[in-house]
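>>> Need the 3D shape of this:
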Amino acid sequence: MMRSPADVVEAAFRYYWSQDREAALALYAEDFSFTSPQDDHIDKAAFLERCFPTADRFVEHRLPHVVPAGEELVLVHYEYELTTGDRHRNVEAITVRDGLIREVQVFFGGRVGARG
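The predicted structure follows:
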């Protein structure tokens, strides 16, 4: 049975937090692309090397919103606290096709509680 795109995305976040690389590998397409304000369309290998092993920076991570936005697009709003005590919110637009994550676009939201 194929999981919904939202289920695939939630599983990817769980595997990231637990650092279960083997389980995560099965969720990402070979032509996967990751873009954030710090990374411009990096491929699956670069994502797994640079981004995946960073979960130890977090003391808390929550997914208050995982919202399907079409047949393949899932919008994720998440909050996290770093080991430094800083709290942040971000949004990701994640494309899931045929049960595999094809693309992630990260939009940084900034610190929670910061005043401009």
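>>> just the helices in the protein please.
5-18, 21-25, 44-50 (DSSP state H).
>>> Need the residues that contact the second one.
So the one you mean is helix 21-25. Outside of helix 21-25, the residues within contact range by CB atoms under 8 Å, 6 or more residues apart in numbering are Ala11, Ala12, Tyr15, Tyr16, Leu48, Phe52. Bear in mind the C-beta positions are built from the backbone N, C-alpha and C, glycine included.
>>> what's the closest of the helices of the chain to Ile94?
helix 5-18 (5.2 Å; CB to CB).
>>> average pLDDT across that closest one?
Mean pLDDT, computed over helix 5-18, is 97.
>>> Tell me the buried residues in that helix?
Judged by neighbour count (16 or more other CB atoms under 10 Å), helix 5-18 contains these buried residues: Pro5, Ala6, Val8, Val9, Glu10, Ala11, Ala12, Phe13, Tyr15, Tyr16.
>>> How about stretch 40-47?
Ile42, Lys44, Phe47.
>>> which residues touch the second one?
With contacts taken as CB under 8 Å, 6+ apart, Lys44 has the following neighbours: Tyr28, Ala29, Glu30, Asp31, Phe32.
>>> who's in contact with the third one?
Which is Glu30. Lys44.
>>> go with 10 Å
Residues near Glu30 by CB atoms under 10 Å, 6 or more residues apart in numbering: Asp43, Lys44, Ala45, Leu100, Arg102.
>>> My read is that the third one contacts Phe32, right?
To tie it back to what came earlier, the one meant is Ala45. Yes: here Ala45 reaches Phe32: they are 9.3 Å apart, a contact under CB atoms under 10 Å.
>>> and the gap between the nearest residue to Met2 once chain neighbours are set aside and Glu92?
Excluding its sequence neighbours, the residue lying closest to Met2 (CB to CB, 6 or more residues apart in numbering) is Gly99, at 5.1 Å. Going from Gly99 to Glu92 by CB to CB, to the nearest Å gives 18 Å.
>>> I'm done for today, thanks for sticking with me.
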